[in-house]
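# Have a look at this fold, sequence not included:
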């Protein structure tokens, strides 16, 4: 068989041979754009200073003890504040909060000005919490692991809450998306 994509009779799916070695950053990013992910604002406070950024790479790590991970770009404006340790909140955005996601990912809106939009409170941990988020996970930074262009932040969760009717905002193929009505109602 050739090294080009081929069709299998059983599945009718394209099979693309994968060589061993290292994928290019462009190929990796193109593949990851096909993966639908939740959208969140990671927010941190240290004294009176607050910072936050939009993330789409976060996940549960452990239920006992409750622990999450978030991948934070090392060039993000809030990264130096995060490096100083302390507490972090992962505010999972709800459908309709696209403007907040864009605000916290904008290079033209920085630092405290990012919090001028949205209903923000100091959470139990002291980190900024978005009142109308689909879900919020607050915790203490347990560990920070170098992952290349991003740092993996391990969070010991001390508080978690979810909106009973909040439907999470998704990001896929370079744009925001939502679950279809049938999928959302099957919870």
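It's in. None of the values given here were measured: they were computed from a predicted structure.
# Tally up the residues packed near residue 155, please.
Neighbour count for residue 155, taken as other Cβ atoms under 10 Å: 25. To be clear about C-beta, it is placed using only N, CA and C from the backbone, and glycine gets the same treatment.
# and it, how far is that from residue 39?
17 Å (Cβ to Cβ, to the nearest Å).
# what do you get for residue 139?
Separation of residue 139 from residue 39 (Cβ to Cβ): 19 Å.
# before we move on, what about residue 52?
Distance, residue 52 to residue 39, by Cβ to Cβ: 13 Å.
# More neighbours: which of the two?
Neighbour comparison, residue 52 and residue 39: the larger count goes to residue 52, with 31 against 25 (by other Cβ under 10 Å).
# which residues does that one contact?
By Cβ atoms under 8 Å, 6 or more residues apart in numbering, the contact set of residue 52 is 41, 42, 43, 44, 78, 104, 114, 115, 128.
# likewise residue 130?
Going by Cβ under 8 Å, 6+ apart, residue 130 touches 41, 43, 91, 93, 100, 118, 119, 120, 136.
# now residue 76
By Cβ under 8 Å, 6+ apart, the contact set of residue 76 is residue 53.
# That one and residue 158: what is the separation?
Residue 76 is 23 Å from residue 158, by Cβ to Cβ.
# Distance of residue 139 relative to residue 82?
Distance from residue 139 to residue 82, by Cβ to Cβ: 13 Å.
# Now do the shared contacts for these two.
residue 88.
# and residue 30, that one's in a helix?
Yes - under DSSP: H, G, I helix; E, B strand; the rest coil, residue 30 falls within a helix.
# Can you tell me the centre-most residue of the protein?
residue 56 (2.7 Å; Cα atoms, centre = their mean).
# pretty sure that one is in contact with residue 35, am I right?
No - the criterion here is Cβ atoms under 8 Å, and residue 56 misses it with residue 35 at 9.2 Å.
# Just the buried positions in stretch 74-86, please.
Buried residues in stretch 74-86, counting neighbours by 16 or more other Cβ atoms under 10 Å, are found at 76, 77, 78, 79, 81, 82, 86.
# Confirm the first one sits in a helix?
No - under three-state DSSP, residue 76 falls outside any helix and is assigned coil.
# So for it, what's the pLDDT?
pLDDT for residue 76: 74.
# contacting residues around the residue nearest to residue 49 when sequence neighbours are not counted?
Excluding the flanking residues, the one nearest residue 49 by Cβ to Cβ, 6 or more residues apart in numbering is residue 81, at 6.2 Å. By Cβ under 8 Å, 6+ apart, the residues touching residue 81 are 44, 46, 49, 50, 51.
# Great, nothing more from me.
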